[in-house]
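Novice: Give me the fold of what follows.
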Amino acid sequence: MVQVPGKYEIGGFIGGGYLLETKTVPNFRVALSIEGVNGRFSCSLLVFLGDVKVWDSGHYSRFYVTGKCLLEFTMDGDLRLKGPNETLGWKTGTSGQGVKTLQIQNTGNLVLMDEFNNVKWQSFNFPTDVMLRGQQLDVATRLTSSRINSSMFYSFEIENNKVAFEGFSGDFCSDKRAEMLEIDNVSSVLKGAPQTVNISRDTCSSLCLQDCKCAAALYFRNASVEAAECYLYRLVLGLKQVDKGSGFSYMVKVPKGIGRNHEKHNLKRWILLAVGVFDGLIIMTLVGGFVYWLIKRRNRGLRSEGRNS
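Specialist: Numbers count the residues shown, from 1 in each chain. Prediction:
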(Lines give C-alpha, C1' and ligand atoms only; values in the text may rest on other atoms or scores of the structure.)
Protein backbone atom coordinates (compact mmCIF):
# COMPACT_ATOMS: atom_id res chain seq x y z
CA MET A 1 0.00 0.00 0.00
CA VAL A 2 1.15 3.53 -0.79
CA GLN A 3 -0.09 6.62 1.04
CA VAL A 4 -1.22 9.58 -1.08
CA PRO A 5 -0.11 13.09 -0.01
CA GLY A 6 -2.88 15.29 1.33
CA LYS A 7 -1.83 18.31 -0.72
CA TYR A 8 -0.81 18.59 -4.36
CA GLU A 9 2.36 20.58 -4.95
CA ILE A 10 3.55 22.31 -8.10
CA GLY A 11 5.82 19.98 -10.03
CA GLY A 12 3.86 16.96 -8.92
CA PHE A 13 4.83 14.11 -6.63
CA ILE A 14 6.23 10.72 -7.48
CA GLY A 15 6.39 8.08 -4.77
CA GLY A 16 5.92 4.39 -4.18
CA GLY A 17 7.95 1.28 -3.68
CA TYR A 18 9.62 -1.52 -5.62
CA LEU A 19 7.98 -4.94 -5.33
CA LEU A 20 10.00 -7.27 -7.57
CA GLU A 21 13.38 -7.18 -9.29
CA THR A 22 15.35 -9.41 -11.64
CA LYS A 23 18.83 -10.47 -10.59
CA THR A 24 20.23 -10.45 -14.11
CA VAL A 25 21.38 -7.85 -16.61
CA PRO A 26 19.42 -6.02 -17.91
CA ASN A 27 17.78 -5.24 -14.60
CA PHE A 28 13.96 -4.96 -14.51
CA ARG A 29 12.00 -3.74 -11.49
CA VAL A 30 8.28 -3.69 -10.66
CA ALA A 31 6.91 -0.76 -8.68
CA LEU A 32 3.66 0.48 -7.20
CA SER A 33 3.68 4.18 -8.00
CA ILE A 34 1.86 7.38 -7.05
CA GLU A 35 2.34 10.23 -9.51
CA GLY A 36 1.02 13.78 -9.51
CA VAL A 37 -0.79 14.47 -12.80
CA ASN A 38 -2.72 17.67 -13.59
CA GLY A 39 -3.50 18.46 -9.98
CA ARG A 40 -4.49 14.90 -9.03
CA PHE A 41 -2.72 11.73 -7.92
CA SER A 42 -2.56 8.72 -10.22
CA CYS A 43 -1.85 5.19 -8.99
CA SER A 44 -0.39 2.53 -11.29
CA LEU A 45 1.73 -0.61 -11.47
CA LEU A 46 4.96 0.01 -13.40
CA VAL A 47 7.84 -1.96 -14.90
CA PHE A 48 11.23 -0.23 -15.16
CA LEU A 49 14.34 -1.08 -17.15
CA GLY A 50 16.90 0.69 -15.02
CA ASP A 51 15.29 4.11 -14.58
CA VAL A 52 13.24 3.93 -17.80
CA LYS A 53 9.54 3.07 -17.57
CA VAL A 54 8.71 0.33 -20.08
CA TRP A 55 5.21 -0.69 -18.98
CA ASP A 56 2.38 1.10 -17.17
CA SER A 57 -0.97 -0.32 -16.06
CA GLY A 58 -2.40 3.19 -16.42
CA HIS A 59 -1.16 3.79 -19.96
CA TYR A 60 -4.67 3.93 -21.44
CA SER A 61 -6.64 4.99 -18.38
CA ARG A 62 -5.36 6.70 -15.25
CA PHE A 63 -6.60 5.56 -11.84
CA TYR A 64 -6.92 8.70 -9.72
CA VAL A 65 -6.98 8.20 -5.96
CA THR A 66 -7.04 10.08 -2.66
CA GLY A 67 -5.76 8.86 0.68
CA LYS A 68 -4.17 5.57 -0.37
CA CYS A 69 -3.55 3.09 -3.16
CA LEU A 70 -3.47 -0.65 -2.52
CA LEU A 71 -2.09 -3.45 -4.69
CA GLU A 72 -4.11 -6.57 -3.83
CA PHE A 73 -3.36 -10.18 -4.79
CA THR A 74 -6.66 -11.92 -4.05
CA MET A 75 -7.07 -15.48 -2.78
CA ASP A 76 -8.61 -16.54 -6.11
CA GLY A 77 -5.67 -15.21 -8.15
CA ASP A 78 -6.66 -11.71 -9.30
CA LEU A 79 -4.19 -8.81 -9.15
CA ARG A 80 -5.93 -5.49 -8.45
CA LEU A 81 -5.29 -1.81 -7.80
CA LYS A 82 -7.74 -0.36 -5.28
CA GLY A 83 -8.35 3.01 -3.71
CA PRO A 84 -10.34 4.17 -0.69
CA ASN A 85 -13.72 2.50 -0.03
CA GLU A 86 -12.68 -0.57 -2.05
CA THR A 87 -12.72 1.45 -5.31
CA LEU A 88 -11.40 -0.79 -8.10
CA GLY A 89 -9.15 0.95 -10.62
CA TRP A 90 -7.41 -1.87 -12.48
CA LYS A 91 -7.33 -5.67 -12.48
CA THR A 92 -5.85 -8.59 -14.43
CA GLY A 93 -9.15 -10.50 -14.57
CA THR A 94 -7.56 -13.82 -13.59
CA SER A 95 -9.95 -14.87 -10.82
CA GLY A 96 -10.52 -18.61 -10.67
CA GLN A 97 -7.66 -19.50 -13.06
CA GLY A 98 -5.43 -21.12 -10.47
CA VAL A 99 -2.92 -18.26 -10.26
CA LYS A 100 -0.33 -18.75 -7.53
CA THR A 101 2.59 -16.39 -8.21
CA LEU A 102 3.49 -12.97 -9.61
CA GLN A 103 6.88 -12.86 -11.35
CA ILE A 104 9.00 -10.47 -13.39
CA GLN A 105 10.89 -12.41 -16.06
CA ASN A 106 14.36 -11.60 -17.38
CA THR A 107 12.72 -10.19 -20.52
CA GLY A 108 10.77 -7.59 -18.52
CA ASN A 109 7.52 -9.50 -18.91
CA LEU A 110 5.36 -9.27 -15.79
CA VAL A 111 3.46 -12.56 -15.47
CA LEU A 112 0.92 -14.35 -13.31
CA MET A 113 1.48 -18.13 -13.23
CA ASP A 114 -0.28 -21.19 -11.84
CA GLU A 115 1.33 -24.00 -9.85
CA PHE A 116 2.43 -25.71 -13.08
CA ASN A 117 4.21 -22.53 -14.30
CA ASN A 118 1.60 -21.89 -16.98
CA VAL A 119 1.25 -18.19 -17.79
CA LYS A 120 -2.30 -16.97 -17.09
CA TRP A 121 -1.67 -13.26 -17.66
CA GLN A 122 1.29 -11.27 -18.97
CA SER A 123 2.09 -7.61 -19.50
CA PHE A 124 3.48 -8.44 -22.98
CA ASN A 125 -0.14 -8.94 -24.09
CA PHE A 126 -0.90 -5.33 -23.15
CA PRO A 127 1.83 -3.23 -24.83
CA THR A 128 2.11 0.48 -24.10
CA ASP A 129 4.64 2.71 -25.90
CA VAL A 130 7.72 0.48 -25.53
CA MET A 131 8.43 -2.88 -27.16
CA LEU A 132 10.91 -5.15 -25.41
CA ARG A 133 13.05 -7.95 -26.82
CA GLY A 134 10.99 -11.13 -27.15
CA GLN A 135 7.70 -9.24 -27.18
CA GLN A 136 5.38 -9.75 -30.15
CA LEU A 137 2.58 -7.72 -31.69
CA ASP A 138 -0.46 -9.23 -33.38
CA VAL A 139 -3.65 -7.86 -34.93
CA ALA A 140 -5.17 -7.40 -31.46
CA THR A 141 -2.33 -5.32 -29.96
CA ARG A 142 -0.48 -2.12 -30.81
CA LEU A 143 2.00 0.40 -29.48
CA THR A 144 0.54 3.84 -28.78
CA SER A 145 1.83 7.11 -27.41
CA SER A 146 1.05 8.05 -23.84
CA ARG A 147 -2.09 10.10 -23.23
CA ILE A 148 -0.19 12.11 -20.63
CA ASN A 149 2.68 14.51 -21.40
CA SER A 150 2.54 13.83 -25.13
CA SER A 151 2.06 16.44 -27.87
CA MET A 152 1.42 13.83 -30.57
CA PHE A 153 -0.58 10.67 -31.06
CA TYR A 154 1.02 7.69 -32.79
CA SER A 155 0.29 4.00 -33.13
CA PHE A 156 2.36 1.09 -34.40
CA GLU A 157 0.33 -2.00 -35.28
CA ILE A 158 -0.33 -4.93 -37.60
CA GLU A 159 -2.97 -4.32 -40.29
CA ASN A 160 -3.82 -6.79 -43.06
CA ASN A 161 -0.48 -8.61 -42.77
CA LYS A 162 1.38 -5.29 -42.94
CA VAL A 163 3.09 -3.13 -40.35
CA ALA A 164 1.37 0.25 -40.02
CA PHE A 165 2.69 3.39 -38.35
CA GLU A 166 0.27 6.25 -37.92
CA GLY A 167 1.04 9.65 -36.46
CA PHE A 168 -1.11 12.69 -35.87
CA SER A 169 -0.55 16.05 -34.27
CA GLY A 170 -2.20 16.59 -30.94
CA ASP A 171 -4.89 18.90 -32.37
CA PHE A 172 -6.26 16.21 -34.69
CA CYS A 173 -7.24 13.83 -31.89
CA SER A 174 -8.15 16.36 -29.24
CA ASP A 175 -11.41 18.08 -28.41
CA LYS A 176 -10.40 21.13 -30.50
CA ARG A 177 -11.87 19.64 -33.70
CA ALA A 178 -14.48 17.22 -32.39
CA GLU A 179 -17.01 16.78 -29.64
CA MET A 180 -19.12 13.95 -28.27
CA LEU A 181 -22.85 14.00 -29.01
CA GLU A 182 -24.95 12.00 -26.54
CA ILE A 183 -27.84 9.91 -27.90
CA ASP A 184 -30.60 9.68 -25.30
CA ASN A 185 -31.87 6.33 -23.99
CA VAL A 186 -29.61 4.29 -26.27
CA SER A 187 -27.07 1.53 -25.61
CA SER A 188 -25.13 -0.89 -27.83
CA VAL A 189 -25.28 -4.65 -28.20
CA LEU A 190 -21.56 -4.67 -29.08
CA LYS A 191 -20.06 -5.05 -25.62
CA GLY A 192 -17.04 -7.16 -24.78
CA ALA A 193 -14.59 -6.48 -21.99
CA PRO A 194 -14.74 -2.83 -20.90
CA GLN A 195 -11.85 -0.66 -22.04
CA THR A 196 -11.64 0.99 -18.63
CA VAL A 197 -13.45 0.77 -15.33
CA ASN A 198 -14.40 3.19 -12.55
CA ILE A 199 -13.88 6.44 -14.43
CA SER A 200 -16.18 9.39 -14.93
CA ARG A 201 -18.40 9.98 -17.96
CA ASP A 202 -16.25 12.98 -18.97
CA THR A 203 -13.09 10.86 -18.82
CA CYS A 204 -14.73 8.20 -20.99
CA SER A 205 -15.70 10.90 -23.48
CA SER A 206 -12.15 12.30 -23.48
CA LEU A 207 -10.66 8.85 -24.16
CA CYS A 208 -12.70 8.64 -27.37
CA LEU A 209 -11.82 12.21 -28.39
CA GLN A 210 -8.11 11.48 -27.95
CA ASP A 211 -8.29 8.22 -29.93
CA CYS A 212 -8.18 8.96 -33.65
CA LYS A 213 -9.92 5.67 -34.48
CA CYS A 214 -12.71 5.98 -31.92
CA ALA A 215 -16.13 6.76 -33.42
CA ALA A 216 -18.35 6.26 -30.37
CA ALA A 217 -18.23 5.55 -26.65
CA LEU A 218 -20.63 3.79 -24.29
CA TYR A 219 -20.54 4.72 -20.62
CA PHE A 220 -22.43 2.65 -18.06
CA ARG A 221 -22.68 3.45 -14.38
CA ASN A 222 -24.31 1.05 -11.94
CA ALA A 223 -25.25 3.20 -8.97
CA SER A 224 -26.23 0.23 -6.79
CA VAL A 225 -22.67 -1.14 -6.66
CA GLU A 226 -20.83 2.12 -7.45
CA ALA A 227 -19.21 0.64 -10.58
CA ALA A 228 -18.63 2.26 -13.97
CA GLU A 229 -17.55 0.88 -17.35
CA CYS A 230 -16.38 2.60 -20.54
CA TYR A 231 -16.44 0.98 -24.01
CA LEU A 232 -14.85 2.52 -27.12
CA TYR A 233 -15.97 1.64 -30.67
CA ARG A 234 -14.50 2.22 -34.13
CA LEU A 235 -17.96 1.98 -35.74
CA VAL A 236 -21.39 3.28 -34.77
CA LEU A 237 -23.35 0.02 -34.96
CA GLY A 238 -25.67 -2.23 -32.97
CA LEU A 239 -27.70 0.43 -31.17
CA LYS A 240 -30.68 -0.51 -29.02
CA GLN A 241 -33.18 1.48 -27.00
CA VAL A 242 -32.99 1.29 -23.19
CA ASP A 243 -35.16 2.62 -20.40
CA LYS A 244 -34.56 6.16 -19.23
CA GLY A 245 -32.38 6.28 -16.12
CA SER A 246 -30.85 2.84 -16.73
CA GLY A 247 -27.32 4.23 -16.41
CA PHE A 248 -26.27 4.04 -20.08
CA SER A 249 -24.76 7.00 -21.91
CA TYR A 250 -24.00 6.47 -25.63
CA MET A 251 -21.84 9.18 -27.25
CA VAL A 252 -20.94 9.66 -30.92
CA LYS A 253 -17.93 11.68 -32.12
CA VAL A 254 -19.01 14.55 -34.41
CA PRO A 255 -17.32 17.71 -35.80
CA LYS A 256 -17.20 20.43 -33.19
CA GLY A 257 -19.72 23.25 -33.46
CA ILE A 258 -22.54 21.41 -35.18
CA GLY A 259 -24.96 24.20 -34.39
CA ARG A 260 -27.95 24.99 -32.25
CA ASN A 261 -30.02 22.61 -30.17
CA HIS A 262 -32.58 21.81 -32.87
CA GLU A 263 -29.76 21.01 -35.32
CA LYS A 264 -28.26 18.64 -32.76
CA HIS A 265 -31.66 16.99 -32.41
CA ASN A 266 -31.86 16.50 -36.19
CA LEU A 267 -28.34 15.05 -36.23
CA LYS A 268 -29.27 12.56 -33.50
CA ARG A 269 -32.30 11.45 -35.55
CA TRP A 270 -30.13 11.09 -38.67
CA ILE A 271 -27.55 8.98 -36.78
CA LEU A 272 -30.24 6.65 -35.42
CA LEU A 273 -31.83 6.33 -38.87
CA ALA A 274 -28.51 5.66 -40.63
CA VAL A 275 -27.42 3.09 -38.05
CA GLY A 276 -30.83 1.41 -38.18
CA VAL A 277 -30.69 1.13 -41.97
CA PHE A 278 -27.12 -0.21 -41.91
CA ASP A 279 -27.91 -2.73 -39.18
CA GLY A 280 -30.99 -3.79 -41.16
CA LEU A 281 -28.89 -4.37 -44.27
CA ILE A 282 -26.46 -6.51 -42.27
CA ILE A 283 -29.31 -8.61 -40.85
CA MET A 284 -30.92 -8.97 -44.29
CA THR A 285 -27.59 -10.05 -45.77
CA LEU A 286 -27.09 -12.67 -43.06
CA VAL A 287 -30.66 -13.97 -43.36
CA GLY A 288 -30.44 -13.98 -47.15
CA GLY A 289 -27.18 -15.89 -47.05
CA PHE A 290 -28.66 -18.45 -44.67
CA VAL A 291 -31.75 -18.93 -46.85
CA TYR A 292 -29.55 -19.29 -49.95
CA TRP A 293 -27.48 -21.95 -48.14
CA LEU A 294 -30.65 -23.85 -47.17
CA ILE A 295 -31.95 -23.78 -50.76
CA LYS A 296 -28.61 -24.97 -52.16
CA ARG A 297 -28.47 -27.74 -49.58
CA ARG A 298 -32.04 -28.82 -50.38
CA ASN A 299 -31.34 -28.85 -54.14
CA ARG A 300 -28.22 -30.97 -53.65
CA GLY A 301 -30.27 -33.41 -51.60
CA LEU A 302 -32.96 -33.65 -54.30
CA ARG A 303 -30.37 -34.23 -57.04
CA SER A 304 -28.72 -36.93 -54.94
CA GLU A 305 -32.07 -38.67 -54.38
CA GLY A 306 -32.81 -38.47 -58.12
CA ARG A 307 -29.54 -40.15 -59.04
CA ASN A 308 -30.05 -42.90 -56.46
CA SER A 309 -33.55 -43.66 -57.81
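Novice: Which SSE is immediately downstream of the helix or strand of the chain with the lowest mean pLDDT?
Specialist: Within the chain, confidence by mean pLDDT, DSSP states H and E is lowest for strand 162-169 among all helices and strands, at a mean of 49. Downstream of strand 162-169, the next assigned helix or strand under DSSP states H and E is strand 178-183.
Novice: Just give the strands next to that next one in its sheet, each with its orientation.
Specialist: Partners of strand 178-183 in the sheet, by DSSP bridges, are strand 248-255 (antiparallel).
Novice: Can you name the residues in contact with the strand it pairs with?
Specialist: Strand 248-255 is contacted from outside by 177-183, 185-188, 201, 204-205, 208-209, 214-221, 236, 239, 242, 267, 271, using Cβ atoms under 8 Å, 6 or more residues apart in numbering. Where C-beta positions appear, they are placed from N, C-alpha and C, glycine not excepted.
Novice: What subset of those is buried?
Specialist: Among the contacts of strand 248-255, those scoring as buried are 178-181, 183, 186-188, 201, 204-205, 208-209, 214, 216-221, 236, 239, 242, 267, 271 (criterion: 16 or more other Cβ atoms under 10 Å).
Novice: Doesn't residue 204 lie inside a helix?
Specialist: Yes: per DSSP: H, G, I helix; E, B strand; the rest coil, residue 204 lies within a helix segment.
Novice: ok, residue 107 - how many residues close by?
Specialist: Neighbourhood size, residue 107 [other Cβ atoms under 10 Å]: 16.
Novice: what pLDDT does it get?
Specialist: What the model reports for residue 107 is a pLDDT of 91.
Novice: isn't it right next to residue 133, touching?
Specialist: Yes: under the criterion of Cβ atoms under 8 Å, residue 107 makes contact with residue 133 at 6.4 Å.
Novice: joint contacts of these two?
Specialist: Common neighbours of residue 107 and residue 133 (Cβ under 8 Å, 6+ apart) do not exist.
Novice: what about the helices in the protein?
Specialist: 201-210, 261-308 (DSSP state H).
Novice: ok, so what distance separates the residue lying closest to residue 62 once chain neighbours are set aside from residue 130?
Specialist: Spatial nearest neighbour of residue 62, chain neighbours left out: residue 42 (4.5 Å); criterion: Cβ to Cβ, 6 or more residues apart in numbering. Remark: distance between residue 42 and residue 130 (Cβ to Cβ, to the nearest Å) = 18 Å.
Novice: Tell me which of the two has more neighbours.
Specialist: The neighbour count for residue 42 versus residue 130, taken as other Cβ under 10 Å, is higher for residue 42 (22 against 16).
Novice: Any idea what the more buried one is bridged to?
Specialist: residue 35, residue 64.
Novice: That one contacts residue 61, doesn't it?
Specialist: No: taking Cβ under 8 Å as the definition, residue 42 is not a contact partner of residue 61, at 10.0 Å.
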